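[1] Just the structure for this:
(one chain, ligands or ions: 1)
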Amino acid sequence: MIISIGIGPGGLDYLTRRGERLIREADVVTGFTTVIDFVSEMISPQAKRIDLTYKNQSEELELAAIEHHAGKKVVAVFMGDLHFSGWQMQERVEKACGHVVDTVPGISSAQIMASRGRVCFDETTFVTFHRRGDLQPFKKHLVRVLEDGRNAIVIPHPWEFMPNRIAGHLIEMGISADLAVEVWENLTAEEATWRGVLSECTAEFSDMSIMLVRAREPFPSVFVDDE
Ligand SMILES: C[S@@+](CC[C@H](N)C(=O)[O-])C[C@H]1O[C@@H](n2cnc3c(N)ncnc32)[C@H](O)[C@@H]1O
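    Have a look, this model is predicted:
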């Protein structure tokens, strides 16, 4: 048995009970080291870890697939929800196994960002640059999203297309330099926030950062009666 699990944004209060149970019962846990480390306290001492790096992931996933085909309970752990900016790795898991692999959704950093920024996904589009391959279509998509009057929650590309370069690109493409922006780091852990407008977004942020570009003014946080 093999299953892919979104572990949430890092704080274990945000890991689903189903995800936790599957991790506790696993014979083999695979995923990037930083992700496995978030859930290490719930991994059985008898379980085997198969840590992935960007270079070795295909080979290591083959080893995880061998364990799965030998009848072991294998879990592949992903940050957040793997349906947000995790699908390229899910495809590698499925390729190694030779079949589709079920998923357990988690809570994405994008959802925590929406909560902190008080925006709803009905009016917000998620865009990730944290992927392999050509980023150009995603850059164009982000411009169209903002032109359409929708907010954008954006995962940067470490370290090539970080918030400062994203802001610069948007201004270059004719998006108003006055749009409000927030960058949040380490959501659900040691959180840090930066707020400003696109033209002020020039600082460096860590690779654990996510960005909200507002298409319009946010709702007030407190509703006051006129009378
Ligand atoms: C490969 S993407 C995976 C996103 C994940 N599937 C999700 O739903 O959040 C990894 C990137 O997500 C963002 N990210 C993940 N967790 C985060 C957190 N707790 N705080 C801020 N950004 C986070 C960072 O930009 C990180 O480099």
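[2] The residue of the chain found nearest the ligand: neighbour count?
    Going by Cβ to the nearest ligand atom, the ligand is nearest to G80 of the chain, at 2.1 Å. Heads up, the C-betas are built off the backbone N, CA and C, glycines and all. Around G80 there are 26 other residues, counting by other Cβ atoms under 10 Å.
[3] contacting residues for it?
    When contacts are counted by Cβ atoms under 8 Å, 6 or more residues apart in numbering, G80 touches 6-9, 86, 106-110.
[4] Among those, which ones lie close to the ligand?
    9, 86, 108-110 (Cβ under 6 Å from any ligand atom).
[5] what's the first-to-last distance across stretch 94-107?
    22 Å (Cα to Cα, to the nearest Å).
[6] Please identify the buried residues of it?
    For stretch 94-107, the neighbour count (16 or more other Cβ atoms under 10 Å) marks 94, 96-97, 101, 103-107 as buried.
[7] again with stretch 195-212
    198, 201, 205, 208-212.
[8] what do you get for stretch 77-91?
    For stretch 77-91, the neighbour count (16+ other Cβ under 10 Å) marks 77-86, 89-90 as buried.
[9] hang on, G86 packs against G6?
    Yes: look at G86 against G6 with Cβ atoms under 8 Å: they come within range, at 7.1 Å.
[10] overlap in contacts of these two?
    Common neighbours of G86 and G6 (criterion: Cβ under 8 Å, 6+ apart): 78-80.
[11] Helices - which of these land there?
    Among those, DSSP state H puts none in helices.
[12] Around the ligand, pick out the residues from this structure.
    Checking the chain against the ligand by Cβ under 6 Å from any ligand atom, the hits are 9-10, 78-82, 84-86, 108-110, 130, 155-156, 158, 184-188, 207-210.
[13] Looking at those residues, which are in helices?
    Using DSSP H, the residues of the chain next to the ligand in helices are 109-110.
[14] Looking at the residues of the chain next to the ligand, which are in strands?
    78, 155, 184-185, 209-210 (DSSP state E).
[15] For the residue of the chain closest to the ligand, which non-adjacent residue is spatially closest?
    Using Cβ to Cβ, 6 or more residues apart in numbering and skipping residues adjacent in sequence, the residue nearest G80 is S108, 4.1 Å away.
[16] check contacts around that neighbour.
    S108 makes contact with 6, 9, 80-81, 83-84, according to Cβ under 8 Å, 6+ apart.
[17] redo that, cut-off 7 Å
    Each residue near S108 by Cβ atoms under 7 Å, 6 or more residues apart in numbering is listed here: 80-81, 84.
[18] same deal with R24?
    By Cβ under 7 Å, 6+ apart, the contact set of R24 is 42, 44.
[19] Three-state assignment for it, please.
    helix (DSSP: H, G, I helix; E, B strand; the rest coil).
[20] next one: I153
    Assignment for I153 (three-state DSSP): strand.
[21] Any idea what it is bridged to?
    I153 forms beta bridges with F126, L212, as assigned by DSSP bridges.
[22] Any idea how many residues pack against it?
    Burial of I153 is recorded as 26 neighbouring residues (other Cβ under 10 Å).
[23] coming back round to it: which one of the ones next to the ligand among the contacts of G80 is nearest to I171?
    Among the ones next to the ligand among the contacts of G80, A110 lies closest to I171 (Cβ to Cβ), at 23.1 Å.
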